[in-house]
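# below are the sequence and a predicted model for it; my questions follow.
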Amino acid sequence: MISIKNLSKTYHLGEITVEALKNISLEISEGEFVAITGHSGSGKSTMLHILGLLDKIDSGSYKLNGIEVAGLTDNELASLRNEQIGFVFQTFNLLPRLSAKENVELPLIYTPDFRKRNFKSSDKILERVGLAKRSHHNPNELSGGERQRVAIARALLKNPGLILADEPTGNLDSVTSEEIMDIFKELNEEGRTVVMITHEQELAKQANRIIKLLDGRIISDESIRKNRNLNKSEKNNIKIKLHSFNLIQVKNYFTQAIKSLLSNKTRSVLSIMGVLIGVTAVIAMLALGAGAREDIKQRLAHLGSNLLSVRPNRRAMRSIAANSGFAIRLTEKDGEAVRRIPLVDKVSPTVDGSAQVVYGSKNKNTTVIGATPDYEYIQSYTPVMGRFFDNKEMVSRERVALLGKSVIDTLFENEYPVGKNIKINRISFKVIGVLPEKGSSGWRDQDDQIIIPLNTAMYRLFGNKYVDGIEVKVKSEEDMPIVQSEVQRIIAKRQKLPDDKKELIEVRNSAEIQEAVSSTANTFAWLLGSIAFISLLVGGIGIMNIMLVSVTERTREIGIRKAIGANNKDILSQFIIETVAICIIGGVMGIILGAIITIGLSKFAGWSTKISFFSVALAFVFSALIGLFFGLWPARKASKLNPIDALRYE
């Protein structure tokens, strides 16, 4: 079974070189019970680690059932450990958060086709070692002898040909030690090869052969009794099976990952919270950005198209010297001049100002706009109740008004407003219509306004002979640039402005305004999204930090898993699945919390929000990718750990 020739192993500890094994040659036949003894530092543990493929040789040859193991890869060595070797350690090396039954079944996780193979059930093996009634207890609920029996049951699960025991009774009392040795004898009687490391001569004498080491060399090799079981067991046909990645493996990895997360709830919750906060921020902020864009889009649609807005350019006027003599005062006649442009459809000079409106015992400060009847069509203000005023009412300065929804809600509540009399700045007005709802955005509420005839506003309410601006609707969108230039030319001429001062007349194109506002809204949305994604990134860095700490904490666990057959890919996959699971759980919870916060902002703060499938999918996928990206380094670090170094880690 085992053939070793001229084997040497040297350890380099800084500047110190330790020759653990020196030119060892040895053969162990199938069915032997061999005890390897020696004082501390003699090299017996190193010998066991090499026999168990946990450590690699520096020179020489080691064949296991005819296979030269010196040139095998880490994954091939892991496969051989899983299939051919059962380990029993002095410190038991059980995973503390798994039950006895789960510890026994651990090697099956790393067995590619265990469902197709005829292994004994873990219950039967536990029954054999006398633990049938303790199978669901965790290691901390078992005595030392019971833990060692669990370790033996784990070693026997896959019916290996070679049992390696490292000081198996070192932590046990004398009675329990005898019971454990009886189990090893039974296993040897069944034809299994048993190699035991011990420093106790009385235990060594229970083996059939004793090999004594001193300073890394074999100083004696004595058979104390005949091995009656040589070649009794069936010869193993050794085939190195490198398992492929499949759904069963994914399920096994996922199960182990969830158990690991549940075993350290505080660390897992903190990791999940980092992702949860990030995803919540992404969902809420993208919803705010999308809602703002949608709200602006609707408002711009309400403003209508093909519109020009004429205003004195206050900024340009302030930049001109005070003694220049230029002052822009728009009048109704300027509006009439614009109306005569052939490509113009509708024109409405406007004035606006703040006023107090009173109805009964209720009052409100609001914005009052004076306009012509054309204003209804220019700004899409067709009343939802009542009617708009006509040209006759404007010329005769009638005291009639149309109210926005916010004004009606404050003054009338559930009362029908049309036909009622209100007072604006103590002047009585009759309500003749209700304006369509335009909505609010931030500090500006487009429904918090009243529209009255232009002449009424100018001469009865505000006492002003000048208008604040002129609203123009152009017949065709293609004619907008032409009309824009012509309006500026006509107004500049009427205001007696030289050509180099035309910029004092500001003619805003609604398309340009819409584009600028939409661009600003998009920038705002991306800014919010960027801030949210940064918070998610910070959460991912936190996960990486926690997982790096986890790798350090679980170094011994990694060593145990590798000893029973886990290869680098198994460890890598498990740690990656753990981090991805954290991010997915945090992502799902973050999506739910983000939706709740978004609904709350919409309902209680009155902000426009919109949760899109794209934002949900983006947050979820990004959180999973965060887990994959930031979990890769800790997972790779864990997978590269040397089995024996990991087992020795304290």
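Yep, it's here. Numbers count the residues shown, from 1 in each chain.
# correct me, but residue 74 touches residue 569?
No. Assessed by C-beta atoms under 8 Å, residue 74 is found out of contact with residue 569, at 9.7 Å. Every residue, glycine included, has its C-beta placed from N, CA and C.
# just for the stretch 101-250 of the chain, where's the confidence low?
Along the stretch 101-250 of the chain, segments meeting pLDDT under 70 span 113-118, 227-248.
# just the helices in it please.
Secondary structure of the stretch 101-250 of the chain, counting by DSSP state H, counting those that start in this stretch: helices at 122-128, 144-156, 174-189, 201-204, 247-263.
# most packed of those helices?
When these are scored by mean count of other C-beta atoms under 10 Å, the highest mean neighbour count falls to helix 144-156 (a mean of 24).
# which residues does that helix contact?
86-89, 92-94, 100, 103-104, 106-107, 120, 122, 125-126, 128-131, 134, 139, 142, 163, 168-169, 171-173, 176, 179-180, 183, 187, 564 (C-beta atoms under 8 Å, 6 or more residues apart in numbering).
# may I have stretch 4-23 as CSV, with CA atoms only?
Extracted in CSV, the C-alpha atoms of stretch 4-23 (Å, rounded to 0.1, in the frame of the first residue of the first chain):
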residue,chain,number,x,y,z
ILE,A,4,8.7,5.3,0.5
LYS,A,5,12.2,5.6,-0.8
ASN,A,6,14.9,8.1,0.2
LEU,A,7,12.3,10.6,1.5
SER,A,8,13.4,13.9,3.0
LYS,A,9,11.6,16.9,4.4
THR,A,10,13.1,20.1,5.5
TYR,A,11,11.4,23.1,7.1
HIS,A,12,12.8,26.7,6.8
LEU,A,13,11.8,28.8,9.7
GLY,A,14,13.3,32.2,8.9
GLU,A,15,17.1,31.7,9.0
ILE,A,16,16.7,28.4,10.8
THR,A,17,16.7,25.1,8.8
VAL,A,18,15.1,22.0,10.4
GLU,A,19,15.6,18.6,8.8
ALA,A,20,12.4,16.8,9.9
LEU,A,21,12.9,13.6,7.9
LYS,A,22,16.2,12.4,6.5
ASN,A,23,16.5,9.8,3.8
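# ChimeraX command for the buried members of the contacts of helix 144-156?
In ChimeraX, this line selects whichever of those come out buried by 16 or more other C-beta atoms under 10 Å:
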select :86,87,88,89,92,93,94,100,103,104,106,107,122,125,126,128,129,131,134,139,142,163,168,169,171,172,176,179,180,183,187,564
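# in strands, which of the contacts of helix 144-156 fall?
Of the positions in the contacts of helix 144-156, 86, 87, 88, 163 sit in strands, assigned by DSSP state E.
# doesn't residue 165 make contact with the third one?
Yes. Counting by C-beta under 8 Å, residue 88 does reach residue 165; the two are 4.3 Å apart.
# what is the burial count for residue 397?
A total of 17 residues lie near residue 397 under the criterion other C-beta atoms under 10 Å.
# contacting residues for it?
453, 455, 456, 459, 460.
# got a winner among those residues for most neighbours?
residue 453 (28 neighbours).
# distance of that one from residue 40?
The gap separating residue 453 from residue 40 is 108 Å, by C-beta to C-beta, to the nearest Å.
# could you do residue 425 as well?
103 Å.
# and these two? Which one has more around it.
Per other C-beta under 10 Å, whichever of residue 425 and residue 40 has more neighbours is residue 425, with 15 against 7.
# per-residue confidence at the more buried one?
Residue 425 is assigned 93 on the pLDDT scale.
# who does the residue nearest to it when sequence neighbours are not counted bridge with?
The shortest distance from residue 425 to any residue other than its chain neighbours is 4.8 Å, reached at residue 355 (C-beta to C-beta, 6 or more residues apart in numbering). Here residue 355 sits in beta bridges with residue 366, going by DSSP bridges.
# who are the contact partners of residue 355?
Contacts of residue 355 (C-beta under 8 Å, 6+ apart): 365, 366, 367, 368, 424, 425, 450, 461.
# list the residues that contact the last one.
By C-beta under 8 Å, 6+ apart, the residues touching residue 461 are 353, 355, 368, 370, 424, 425, 427, 452.
# state the helix or strand in which the last one lies.
Under the assignment given by DSSP states H and E, the secondary-structure element containing residue 452 is strand 449-453.
# next, give phi and psi for the closest residue to residue 199 other than its chain neighbours.
The shortest distance from residue 199 to any non-neighbouring residue, by C-beta to C-beta, 6+ apart, is to residue 37 (6.3 Å). Phi and psi for residue 37, reported as degrees, to the nearest 10, are phi -120, psi 170.
# can you tell me how far residue 37 is from residue 219?
Residue 37 is 10 Å from residue 219, by C-beta to C-beta.
# same question, residue 454
From residue 454 to residue 219 the distance is 117 Å (C-beta to C-beta).
# neighbour count winner among the two?
residue 454 (25 against 11).
# find the residue closest to the more buried one in space, skipping its chain neighbours.
Going by C-beta to C-beta, 6+ apart, residue 454 has residue 370 as its nearest residue, at 4.5 Å.
# pretty sure the one you found contacts residue 352?
Yes. Residue 370 is within contact range of residue 352, at 7.1 Å (criterion: C-beta under 8 Å).
# looking at the two, which is more packed in?
Between residue 370 and residue 352, residue 370 has the larger neighbour count (other C-beta under 10 Å), namely 28 against 17.
# so the more buried one, which of the three states?
Here residue 370 is recorded as strand under DSSP: H, G, I helix; E, B strand; the rest coil.
# so that it lines up with my notes, have the first residue be 20 from now on.
With 20 as the first residue, the last one maps to residue 389.
# got a pLDDT number for it?
96.
# which residue, neighbours along the chain excluded, lies closest to residue 647?
residue 599 is the one closest to residue 647 (C-beta to C-beta, 6+ apart), at 5.7 Å.
# next, count neighbours for the one you found.
Residue 599 has 22 neighbours, counted by other C-beta under 10 Å.
# returning to that earlier point: beta partners for the residue nearest to residue 473?
residue 370, residue 471.
# ok, now which ones touch it?
Residue 389 is in contact with 369-371, 470-477, 480-481, counting by C-beta under 8 Å, 6+ apart.
# same check, this time on residue 76
Here residue 76 is in contact with 26, 27, 28, 40, 69, 89 (C-beta under 8 Å, 6+ apart).
# try 6 Å this time
Going by C-beta atoms under 6 Å, 6 or more residues apart in numbering, residue 76 touches 26, 28, 69.
# longest helix in this protein, please.
helix 529-572 (DSSP state H).
# shaky segments in the stretch 270-419 of the chain?
Using pLDDT under 70, the flagged stretches of the stretch 270-419 of the chain are 312, 315-324, 334-345.
# can I get the strand holding residue 471 as PDB, trimmed to CA atoms?
Provided in PDB are the C-alpha atoms of strand 468-472 (Å, rounded to 0.1, in the frame of the first residue of the first chain):
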ATOM      1  CA  GLN A 468     -52.100  80.500  -8.200                       C
ATOM      2  CA  ILE A 469     -55.000  82.600  -9.500                       C
ATOM      3  CA  ILE A 470     -55.500  83.900 -13.000                       C
ATOM      4  CA  ILE A 471     -57.400  87.100 -13.700                       C
ATOM      5  CA  PRO A 472     -57.800  89.300 -16.800                       C
END
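# helices and strands around it, which ones?
Packing contacts for strand 468-472, counted by 3 or more C-beta pairs under 6 Å, 6 or more residues apart in numbering; DSSP states H and E, involve strand 381-390, strand 419-422.
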